[in-house]
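Visitor: I would like to see how this sequence folds:
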Amino acid sequence: MCGIAGFTCDLMETASASILKQMTERMQHRGPDADGHFVEKGIALGHRRLSIIDLSDAATQPMHDKSGRYTIIYNGEVYNYQEIRAELALSDTQSQSDTDVILAAYAAWGPDCLKKMNGMFAFAIWDQQEQILFIARDRMGIKPVYYSIQNNQLVFASEVRSLLASGMVPPVLNYQALPEYLKYYSVNSPNTLLKDVYMLPAASFAIWKHNEFRVEPYWDLAENRNLSDSIDREEVKEELHQRLREAVSRRKIADVPLGAFLSGGIDSSAVVGLLAESSEQAIHTFSIVFDEKQYDESYYANLIAKKFKTEHHPIKLKPEDFLTELPEALDAMDHPSGDGLNSYVVSKATKEEGFTVALSGLGGDELFAGYPVFKRYQKLKKMGMYAVPHAIRSGIGAGISSLYNSHKSARLQEILAIERPDFSELYPIFRKIHDDKEIQGLLKDSQIEQSTLATLLKDPHLQKVEKLPLFSQVSVGEMMTYTQNVLLRDTDQMSMASSLEVRVPFFDHELVEYALAVPDKHKEPDYPKKLLVESLGSLLPEEVVHRPKMGFVFPWALWIRESMKDFCERHISSLASKNFIAEDYLLDKWNRFLAGGKREHWMKIWMLVMLNVWLEKNEIEY
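Guide: Okay, the predicted model is just below:
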């Protein structure tokens, strides 16, 4: 895991080197082990290294192939690099890392090399002979790449802050993205909250040649790979178990200490169990524990740790400890978010114990229908209410919303008001936080364009998505939007703030492809993630599988009204004074929240606070 940065240029080498240094220094946390630079006419490439495979200086980047034609900077891991090395018959390479293999694979196959790779990665390769810059991102979007084109120059980096540190990218707010941020608490790639700054989409590569830039996909998450409805359930379970075992085993490669996050839930317990099965030495596990019984999961984490004989590291915290960590977590925030605080705290504690790599159970809910949204979508698709005339449904929805005047009733009103339950219409409503009326009230420029989320789910993706089983349709919606643009992004930035690499076996693309093809009848969640549990056989104890729903939920509503009130009020007032916000509307919203208004969910307030924190910390112009 590392950080990459670079730009195309015709500047003098000394000037380019100075700019590049500013970019890599801004993300030192991503790679404290080495700082590398390469500058020649046409290109500047910088790298921060977090040493994980081949710890010697031979694996330092930027790395050149023997011919001197190709130069690479690379962030991430290609887990099957040894298989690719064997296919290429590589015997005499500069290092024993996967970096040499990527270089050789690109030299041999060009962009098609990406189809060979299993991993999480973002890398850039400069072809000196053809004067081409090639940039690629992994299939699931685990590792980020941001870019901007300024004055016919391409600038790119692992973090937005690194782009801004170059001085080449103006820190200007992207007004057009604000409605989407307010709707979904995220801006879906390729857009960001900065004007003229974009994120390379997952499963895509980009080519810069002769001042022209093009982006192409190389894999499609929604590709129809359906299994027959007649497939035997035992066959599905056996195949899933094998793919899960392989996904975890691939992620063991490291020349540094490796551990695993363990909450005691199904997903993290599955990862720990599969890891222990294939490990000769005891593995190290990490979990957050509390004195407060209502959200302490230590009993279940200890149960798993004992079963698999792990070296367990409980991290005892009080809820107030998270508030103590909040300032540092906000400093780590590369994009407005309120979803990464837990990741920041457990990553920091894991790193302080001397570990550089940790496996996470992130992704089990997305693949195996673990969220309530899966059943809601299935229920709505099967209900006959859309046979009722639209005017009647809309009237019923408006009446319910007026009677109950809550966040949930407002969402129900939207669901009843759509013409038909198409995936591209229903799914965005499930993920919505502010509705269009609220956004029009908050923003002075109230024009709301179609969000990139809705665009992502329309043609050509919609035709492919709607051929998938219903549960898999929701899985695709989750992974293309909230998962990639919030969960994975936050996991990356919050773990890398402590120089910790987090690996996510459930997002192994081979596992994902198979799981999305499984018919709904095998995924029906009679209890949470039933198919996942059954596929693992006796791996998980019954107590973990059928445990009561727990987990630490931050008491945000209480904090915002009490211990964090002054902090939040300052940022709400500051945001209200900005020229794109309707001041009276926002201050009224804040007062309604303080008074306990049912429509003012705490998340609506917190996302506005985080927006202002981000604007101020990065000195964003508006």
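
Visitor: where in this structure is pLDDT low?
Guide: 1, 11-15, 294-295, 338, 401-407, 446-461, 549-554 (pLDDT under 70).

Visitor: And it, what are its domain boundaries?
Guide: 2-175+184-217, 233-369+476-545, 556-617 (automatic domain parsing).

Visitor: now the strands: where do they sit in the stretch 501-622 of the chain?
Guide: Ranges of strands within the stretch 501-622 of the chain are 501-503, based on DSSP state E, counting those that start in this stretch.

Visitor: rewinding a little: among the domains of the chain, which is nearest D436?
Guide: Evaluated over the domains of the chain, closeness to D436 peaks at domain 2-175+184-217, with 12.4 Å, by CB to CB. C-beta here means a position set from N, CA and C on the backbone, and glycine is covered the same way.

Visitor: Show me how far the closest one is from its chain's centre.
Guide: Domain 2-175+184-217 sits 18 Å away from the centroid of its parent chain (CA atoms, centre = their mean, to the nearest Å).

Visitor: Please identify the helix or strand for the nearest residue to P525 once chain neighbours are set aside.
Guide: Excluding the flanking residues, the one nearest P525 by CB to CB, 6 or more residues apart in numbering is A369, at 4.9 Å. Secondary structure from DSSP states H and E places A369 outside every helix and strand.

Visitor: quick one, strands of the stretch 201-350 of the chain?
Guide: Under DSSP E, counting those that start in this stretch, the stretch 201-350 of the chain gives strands at 204-209, 212-217, 258-261, 284-289, 311-316.

Visitor: Quick one: residues contacting E501.
Guide: E501 makes contacts with M1, L50, I52, E77, T356, V357, A358, S495, as judged by CB atoms under 8 Å, 6 or more residues apart in numbering.

Visitor: out of those residues, which are inside strands?
Guide: Among the contacts of E501, the members falling in strands (DSSP state E) are E77, V357, A358.

Visitor: Pull the number of nearby residues for the closest residue to the last one other than its chain neighbours.
Guide: Across the structure, with CB to CB, 6+ apart as the measure, the residue nearest A358 apart from its sequence neighbours is G259 (4.9 Å). When neighbours are defined as other CB atoms under 10 Å, G259 has 23 of them.

Visitor: which residues touch G259?
Guide: I283, H284, T285, F286, H313, T350, E353, F355, V357, A358, L359.

Visitor: picking that back up, save the contacts of E501 as a markdown table, and put in distance to V486 too.
Guide: Shown next, in a markdown table, are the contacts of E501 (distance: CB to CB, whole Å):
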| residue | distance to V486 |
| --- | --- |
| M1 | 20 |
| L50 | 23 |
| I52 | 25 |
| E77 | 22 |
| T356 | 25 |
| V357 | 23 |
| A358 | 20 |
| S495 | 15 |
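
Visitor: Including distance to L586 and neighbour count, could those go into CSV?
Guide: Formatted as CSV, the contacts of E501 follow (distance: CB to CB, whole Å; neighbours: other CB atoms under 10 Å):
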residue, distance to L586, neighbour count
M1, 39, 26
L50, 41, 21
I52, 45, 22
E77, 43, 27
T356, 43, 21
V357, 43, 23
A358, 39, 23
S495, 33, 26
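
Visitor: Pick the one among those closest to A59.
Guide: I52 (9.4 Å).

Visitor: So the closest one sits against A358, correct?
Guide: No: I52 lies out of contact with A358 (CB atoms under 8 Å); the separation is 11.7 Å.

Visitor: Compare the domains of the chain and give me the one nearest L227.
Guide: With CB to CB as the measure, domain 233-369+476-545 is the member of the domains of the chain nearest L227 (4.6 Å).

Visitor: Just the endpoints, please. Distance across that closest one?
Guide: With CA to CA, to the nearest Å as the measure, domain 233-369+476-545 spans 19 Å from end to end.

Visitor: What is the distance between that domain and the centre of its chain?
Guide: The answer for domain 233-369+476-545 is 14 Å, by CA atoms, centre = their mean.

Visitor: Please, where are all the helices along the stretch 451-600 of the chain?
Guide: Secondary structure of the stretch 451-600 of the chain (DSSP state H, counting those that start in this stretch): helices at 452-456, 461-465, 470-478, 488-496, 509-517, 520-523, 530-535, 542-545, 556-561, 565-576, 583-594.

Visitor: Include distance to R161 when you put those helices into JSON lines, please.
Guide: Compiled in JSON lines, those are given as follows (distance: least, CB to CB, whole Å):
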{"stretch": "helix 452-456", "distance to R161": "22"}
{"stretch": "helix 461-465", "distance to R161": "31"}
{"stretch": "helix 470-478", "distance to R161": "27"}
{"stretch": "helix 488-496", "distance to R161": "10"}
{"stretch": "helix 509-517", "distance to R161": "29"}
{"stretch": "helix 520-523", "distance to R161": "40"}
{"stretch": "helix 530-535", "distance to R161": "37"}
{"stretch": "helix 542-545", "distance to R161": "40"}
{"stretch": "helix 556-561", "distance to R161": "26"}
{"stretch": "helix 565-576", "distance to R161": "19"}
{"stretch": "helix 583-594", "distance to R161": "27"}
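
Visitor: So which of these is nearest M23?
Guide: That would be helix 488-496 among these, by CB to CB, at 15.4 Å.

Visitor: Dump the closest one to CSV, keeping only the CA atoms.
Guide: C-alpha atoms of helix 488-496 as CSV (Å, rounded to 0.1, in the frame of the first residue of the first chain):
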residue,chain,number,x,y,z
LEU,A,488,-14.2,1.8,0.5
ARG,A,489,-13.1,5.4,0.1
ASP,A,490,-13.4,6.0,3.9
THR,A,491,-11.6,2.7,4.7
ASP,A,492,-8.7,3.7,2.5
GLN,A,493,-8.3,7.2,3.8
MET,A,494,-8.9,6.4,7.5
SER,A,495,-6.6,3.3,7.5
MET,A,496,-3.9,4.9,5.5
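
Visitor: coming back round to it: quick one: closest of the strands of the stretch 201-350 of the chain to S67.
Guide: strand 204-209 (19.5 Å).

Visitor: any idea of the angle the closest one forms with strand 212-217?
Guide: Put simply, strand 204-209 runs at 160 degrees to strand 212-217, going by axes from the mean of the first three to the mean of the last three CA atoms, to 10 degrees.

Visitor: what's next to strand 204-209, contact-wise?
Guide: Contacts for strand 204-209 (CB under 8 Å, 6+ apart): 8, 111, 114, 130-137, 147, 154, 200, 213-218.
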